[in-house]
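Colleague: Below: sequence and its predicted model.
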Amino acid sequence: MNKNYITLGEFIINNQSDFKYSSGELSRLINSIRLAAKTVNHEINKAGLVDILGAAGDTNVQGEDQQKLDVYANDVFKSALINREIVCGITSEEEDDFITIEGKYNAHDNKYVVLIDPLDGSSNIDVNESVGTIFSIYRRTTPPGMPVKKEDFLQKGNEQVAAGYIVYGTSTMLVYTTGNGVNGFTLNPAIGSFYLSHPNMKFPENGNIFSLNQGNYAHFPQGVKDYIKYCQEEKDDRPYAYRYIGSMVSDFHRNMIKGGIYIYPTSSNAPNGKLRLLYECNPIAFLTEQAGGKASDGFKRIMDIQPSELHERAPIFCGSTKMVEKAEFFMQKNKG
Ligand code: AHM
Ligand code: MG
């Protein structure tokens, strides 16, 4: 390995001062996510050996219970954050309610809360498709020194101080932003270090990939149907390529690199869409904007939505700015 390559650990230290509230706490927090990501990656890589090592619910040769990978990932990320006592609270797509961190190091004094989807797209694991972890970090709004409250988690996306994802794909990558652009790091599994491989990631302003579950076509609003027709038309640079893995992080990651739009709209059988505002839409929206793209619910900016519930859902249209604007045009045209 060329010694000029920058590791994630070095990058975090070098860029700590870019962060306006810098106190080292956020750096330690991202470091703990880095550690948990490596542990989860290791376990996911063994998923194909399930017949040999044992499936969820079984007991392995060491006498340990095998867990479902999404439950396992939730435990790993939670433990990494709880054991180091670097946050005051966590909420997760896998938990019914938020978690208050108690401990011997005055965890109530900590400034940050973490919102996490520990293993998104986990139904893809059985078929060896890539999956992801999505995280989002906010400063608490209630005074430190007291247990966190629900309102510390119910903040608008535009209050995020950091967000990112890990994509467990052909390579494992950790991609994140602290509000100064988006940087991507690839895991070298032989050494166990993430290296800066994709500095300053940017969405192309326009793209030619559209990604949404067209199986739900009959249930889509007319604006989405019209946009799909537009993407399929033979005119100018169209038809666009259609790509949908069904694993948001992977679909988003590809579109950010190549230029495209990812949509999970409302539908007649899911009136608020499927994806969770706090664990999926907001962090992806923050990354989108930091990479020069646009993230909308079809009509307005995702990050301006005031959440009222931890697990609330929202529709999302995110990606290359011109493509999102065109989709919004069709949504607006069919409004009413
Ligand atoms: P999950 O949080 O239950 O894993 O669901 C989220 C996933 C996204 O990663 C993906 O884009 C979407 O659900 C796929 O849903 P669908 O099968 O309805 O297309
Ligand atoms: Mg999810």
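Modeller: Sure thing, it's come through. Ligands and ions are numbered 1, 2, ... in the order given.

Colleague: the bottom helix or strand of this protein by mean pLDDT?
Modeller: Using mean pLDDT, DSSP states H and E, helix 50-53 stands out as the lowest-scoring helix or strand of the chain, at a mean of 58.

Colleague: And the strands in this protein, which stretches?
Modeller: With DSSP state E as the criterion, the chain has strands at 89-92, 99-100, 112-120, 131-139, 162-168, 172-177, 182-188, 193-198, 209-211, 241-242, 261-264, 294-296, 316-319.

Colleague: Residue 251 versus the residue of the chain found nearest ligand 2, what's the distance?
Modeller: With Cβ to the ion as the measure, residue 120 is the residue of the chain nearest to ligand 2, at 3.7 Å. In this view, the C-beta of every residue, glycine as well, is placed from N, C-alpha and C. Separation of residue 120 from residue 251 (Cβ to Cβ, to the nearest Å): 11 Å.

Colleague: Just give the nearest non-adjacent residue to the residue most central in space within the chain, would you?
Modeller: Centroid-nearest residue in the chain: residue 134, 2.8 Å away (criterion: Cα atoms, centre = their mean). In space, and not counting its chain neighbours, residue 134 is closest to residue 117: 4.4 Å by Cβ to Cβ, 6 or more residues apart in numbering.

Colleague: now residue 294
Modeller: Among residues not flanking residue 294 along the chain, residue 324 sits closest, at 4.0 Å (Cβ to Cβ, 6+ apart).

Colleague: Quick check: the one you found vs residue 208, distance?
Modeller: Distance, residue 324 to residue 208, by Cβ to Cβ: 14 Å.

Colleague: Among these two, which residue is more densely surrounded?
Modeller: The neighbour comparison of residue 324 against residue 208 (other Cβ atoms under 10 Å) goes to residue 324, with 24 against 17.

Colleague: So that one sits against residue 318, correct?
Modeller: Yes: between residue 324 and residue 318 a contact is recorded at 6.6 Å, counting by Cβ atoms under 8 Å.

Colleague: Quick check: neighbours shared by those two?
Modeller: Shared contacts of residue 324 and residue 318 (Cβ atoms under 8 Å, 6 or more residues apart in numbering): 261, 293-296.

Colleague: Rebuild the residues you listed as JSON lines, extending it with neighbour count and distance to residue 307.
Modeller: Compiled in JSON lines, these are given as follows (neighbours: other Cβ atoms under 10 Å; distance: Cβ to Cβ, whole Å):
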{"residue": "261", "neighbour count": "29", "distance to residue 307": "24"}
{"residue": "293", "neighbour count": "29", "distance to residue 307": "22"}
{"residue": "294", "neighbour count": "23", "distance to residue 307": "20"}
{"residue": "295", "neighbour count": "23", "distance to residue 307": "15"}
{"residue": "296", "neighbour count": "23", "distance to residue 307": "16"}
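
Colleague: So which of those is the closest to ligand 1?
Modeller: residue 261 (13.0 Å; Cβ to the nearest ligand atom).

Colleague: per-residue confidence at that closest one?
Modeller: The predicted structure scores residue 261 at 98 on the pLDDT scale.

Colleague: so it bridges to which residues?
Modeller: residue 210, residue 319 (DSSP bridges).

Colleague: got the residue ranges for the helices in the stretch 151-300 of the chain?
Modeller: Using DSSP state H, counting those that start in this stretch, the helices of the stretch 151-300 of the chain run over 222-232, 248-258, 282-290.

Colleague: Enumerate every residue touching residue 293.
Modeller: When the contact criterion is Cβ under 8 Å, 6+ apart, the partners of residue 293 are 203, 256, 318-321, 324.

Colleague: Now it: closest residue in space, sequence neighbours ignored.
Modeller: Spatial nearest neighbour of residue 293, excluding adjacent residues (Cβ to Cβ, 6+ apart): residue 203 at 3.6 Å.

Colleague: wait, that neighbour sits on residue 320?
Modeller: Yes: Residue 203 lies in contact with residue 320 (Cβ under 8 Å); the separation is 5.0 Å.

Colleague: any residues in contact with both of those two?
Modeller: In terms of Cβ under 8 Å, 6+ apart, residue 203 and residue 320 are both contacted by the residues 255, 259, 293.

Colleague: For the stretch 151-300 of the chain, what lies in contact range of ligand 1?
Modeller: By the rule Cβ under 6 Å from any ligand atom, the part of the stretch 151-300 of the chain lying against ligand 1 is 213, 246-248, 274.

Colleague: For the closest residue to residue 249 other than its chain neighbours, give me its contacts.
Modeller: Excluding its sequence neighbours, the residue lying closest to residue 249 (Cβ to Cβ, 6+ apart) is residue 132, at 2.7 Å. Contacts for residue 132 were tallied using Cβ under 8 Å, 6+ apart; they are 119-121, 165-168, 247-250, 253.

Colleague: Where does pLDDT dip in the stretch 101-250 of the chain?
Modeller: Along the stretch 101-250 of the chain, the parts satisfying pLDDT under 70 run over 104.
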